[in-house]
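Student: my questions are about this predicted structure, shown below with the sequence.
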Amino acid sequence: MDAKFISRGQLPEWLRSLAARFAVLAPARAGSSVIYRPVDPEAPPRQPELAVKPTESAKRALFPLSEALLTFVKNQPDGKPGLELRETPPPRPCLVFGLPSCDARGFLVFDPVYAGSGTAGKFQDNYYLRRREQAVLIVKTCPRPLSTCFCNWVGGGPASTEGADVLATELKDGLVLEALTGKGARVLDSALLRPAADEQLTAAAQSRAASEAAMPPPVDISGCARALRGKFDSAGFWQGHSAGCLSCGACTCLCPTCYCFDLSDEERGSRGVRLRSWDSCMLPLFTQETGGHNPRAAKAARLRNRISHKFSFYPDLHPSLPGQDGHIACCGCGRCIRSCPSAVDIRRIVTEALGTAAEGAE
Ligand code: SF4
Ligand code: SF4
């Protein structure tokens, strides 16, 4: 596959040129955070923020925070009662530049759920699938792991290429861009890029090797699904770990593998829109039933569900996917640890359930 080089100075112009064909998202500063912002082809060129790992995950590119699934009109203009449903126009193809490898792996957790494959699903979600099929993901090698990163516990790494279309590796004066798929090769077909020289390819490989070496050794979490099943009825274990939880939902909103949503109809007069919006199993109303009963009213029950879903229920549902216990629904990005106001640490919960010490856990 192709390998190209782009200088740092040309990078904003290349992103602007891609924005003519794609809805391009690239990391940008927003106060003390780094978020994915649309690249405006009409605005002055801006360097993407590549020095800091994005605070949020890239999931909104394929799974918007809130999206219109359809619009409807009640009662027809001739006065007859009725309901007309209208499809929403298809979204523009999306390109995400500079996402870390863990974010691209996060979409591998979404895929079987929304494609209706595996033992869990029978239904295809075309809203997700049409975005997914067209999307181009340009991952960037993480130069240094944060103290909260543990991608190598769950099969990833700072230069993992799983789920990605292009792997970008920063050098001093620019980036080496290596195509991994046909979609990736097509976006590298630009006069702003030039073929990567041998010494640039060597420097990129050395940089990736240094990134891998900078990761602390992984903790063996094989058996986590069984261990968490064994802890299911241990009230003290879950109450202890959830004692400080504020039920703010930050962990699930920032997580690249949390895919739950809610549906709502918003109406004004005779017109309305059906919205799909992110939801969070850490919020008290997530399981509130119409009759008033809430099977997960206690925050201990909600935390147990979140952790068990990622490390036990999901792997049980997807046993044929990679991973010793099936496919773990966590890519080890560490955002839920880094942004939790109460220092709830998913690594500590899993390793305590396993009865092993979490060397990397704070
Ligand atoms: S981020 Fe922390 S405090 Fe907020 S819901 Fe998640 S575990 Fe609880
Ligand atoms: S559970 Fe936490 S560490 Fe795992 S993918 Fe989600 S935010 Fe990242």
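Tutor: Thanks, I have it. Numbering: from 1, shown residues only. Ligands and ions are numbered 1, 2, ... in the order given.

Student: make sure residue 70 is indeed in a strand.
Tutor: Yes: the assignment for residue 70, made by DSSP: H, G, I helix; E, B strand; the rest coil, places it in a strand.

Student: any idea how many residues pack against it?
Tutor: Neighbour count for residue 70, taken as other Cβ atoms under 10 Å: 14. The C-beta positions use only the backbone N, C-alpha and C, and glycine is treated the same way.

Student: with residue 250 instead?
Tutor: Neighbours of residue 250 using other Cβ under 10 Å come to 17.

Student: one more: residue 87?
Tutor: Other residues within reach of residue 87, judged by other Cβ under 10 Å, total 9.

Student: with residue 302 instead?
Tutor: 25.

Student: repeat that for residue 353.
Tutor: Residue 353 has 26 neighbours, counted by other Cβ under 10 Å.

Student: which residues of this protein lie near ligand 2?
Tutor: 254-257, 310, 330-336, 346 (Cβ under 6 Å from any ligand atom).

Student: export those residues to a markdown table and tack on neighbour count?
Tutor: A markdown table is the format used below for the residues of the chain next to ligand 2 (neighbours: other Cβ atoms under 10 Å):
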| residue | neighbour count |
| --- | --- |
| 254 | 20 |
| 255 | 25 |
| 256 | 25 |
| 257 | 26 |
| 310 | 24 |
| 330 | 32 |
| 331 | 31 |
| 332 | 25 |
| 333 | 29 |
| 334 | 23 |
| 335 | 24 |
| 336 | 24 |
| 346 | 25 |
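
Student: so what's the residue at minimal distance from the centre of the chain closest to, chain neighbours aside?
Tutor: The centroid of the chain falls nearest to residue 256 when counting by Cα atoms, centre = their mean (2.3 Å). Counting by Cβ to Cβ, 6 or more residues apart in numbering, residue 256 lies nearest to residue 106, which is 2.9 Å off, once chain neighbours are set aside.

Student: by mean pLDDT, which helix or strand of this structure comes out lowest?
Tutor: Counting by mean pLDDT, DSSP states H and E, the weakest-scoring helix or strand in the chain turns out to be helix 314-317, with a mean of 88.

Student: chain center to that one: distance?
Tutor: 18 Å (Cα atoms, centre = their mean, to the nearest Å).

Student: try stretch 128-141
Tutor: Worked out by Cα atoms, centre = their mean, stretch 128-141 lies 11 Å from the chain centre.

Student: just the endpoints, please. Distance across that stretch?
Tutor: In stretch 128-141, first residue to last residue: 26 Å (Cα to Cα, to the nearest Å).

Student: could you do stretch 28-44 as well?
Tutor: First-to-last distance for stretch 28-44 - Cα to Cα - comes to 14 Å.

Student: average pLDDT across it?
Tutor: Mean per-residue pLDDT for stretch 28-44: 94.

Student: what's it in contact with?
Tutor: By Cβ atoms under 8 Å, 6 or more residues apart in numbering, the residues outside stretch 28-44 that reach it are 15-20, 23-27, 46, 48-49, 52-56, 58, 60-61, 96-97, 99.

Student: can you do 6 Å?
Tutor: 15-16, 19-20, 24-27, 49, 52, 54-56, 58 (Cβ atoms under 6 Å, 6 or more residues apart in numbering).

Student: go on, stretch 147-167?
Tutor: Outside stretch 147-167, the residues that touch it by Cβ under 6 Å, 6+ apart are 101-102, 104-105, 107-108, 136-139, 141-142, 177-181, 183-184, 208, 211-212, 215, 218-219, 221, 323, 328, 330-332, 334, 337-338, 347, 360.

Student: and what of stretch 228-237?
Tutor: Contact with stretch 228-237 is made by 308, 311, 312, 353, as judged by Cβ under 6 Å, 6+ apart.

Student: starting at the chain centroid, how far to the one helix or strand the last one maps to?
Tutor: Looking back up the chat, that one is residue 353. Using DSSP states H and E, residue 353 sits within helix 346-354. Relative to the centre of its chain, helix 346-354 is centred 22 Å away, using Cα atoms, centre = their mean.
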